[in-house]
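In: for reference, the sequence and a predicted model appear below.
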Amino acid sequence: QEPDVSEEVSTELSPSRRWEKMEDTSEECENTSSSVAFENLKANVTDIMLILIVENVSGLPSDAFQVEVLQDFDVAVVTFPTHVDAVKFVDNCVRHPFVKQLQLSPRLLEVTRTIRVENLPPGVDDYNLKSLFENP
């Protein structure tokens with residue numbers, strides 16, 4: 001069964017309309033949590049080291065953010081309480097000598113709006129998929 005793309009196409013915005021939509025949501029994004037990915041994570045970089053780096057660079061206490069290390073992907077994700085904190089953090093990381101020394105590459109993560117699921121077994125329906133993805 002092919003997915004219905006007519007709905008997806010009709011909701012696409014022209015470039016100028018996309019910018020208007022981004023402006024409308026920028027204020028609401030400022031107060032929502034935002035994540036930063038540290039790419040090129042070396043095996044010798046521990047979660048404790050990352051917490052200390054984030055505290056040092058951001059000026060936030062360790063209970064104000066969350067760090068998740070994904071060793072299989074050589075990535076760590078830091079979640080900040082606000083988008084502004086995350087943006088400032090990435091800007092400050094560029095100049096931080098320890099981040100440079102460890103060759104970490106911080107970048108803001110975008111909000112996921114679409115998830116593509118492949119190789120579904122027969123019999124999986126919309127309800128099953130919705131129940132899997134609705135619950136964080």
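Out: Alright, I've got the coordinates.

In: distance of the closest residue to A43 other than its chain neighbours from P122?
Out: Among residues not flanking A43 along the chain, Q71 sits closest, at 7.4 Å (C-beta to C-beta, 6 or more residues apart in numbering). For the C-beta atoms, the positions are set from N, CA and C on the backbone; glycine is no exception. Q71 is 34 Å from P122, where distance means C-beta to C-beta, to the nearest Å.

In: comparing the two, which residue is more hemmed in?
Out: Applying other C-beta atoms under 10 Å to Q71 and P122 shows that Q71 carries more neighbours, namely 11 against 4.

In: is it true that the more buried one touches V45?
Out: No: here Q71 lies out of contact with V45, judged by C-beta atoms under 8 Å, at a distance of 9.9 Å.

In: middle-most residue in the chain, spatially?
Out: L109 (3.1 Å; C-alpha atoms, centre = their mean).

In: how about it, what does it touch?
Out: 34-37, 77 (C-beta atoms under 8 Å, 6 or more residues apart in numbering).

In: from the residues you listed, which is closest to K130?
Out: S35 (23.7 Å; C-beta to C-beta).

In: secondary structure element holding the closest one?
Out: strand 34-39 (DSSP states H and E).

In: packing partners for that strand?
Out: strand 75-80, helix 83-93, strand 105-108 (3 or more C-beta pairs under 8 Å, 6 or more residues apart in numbering; DSSP states H and E).
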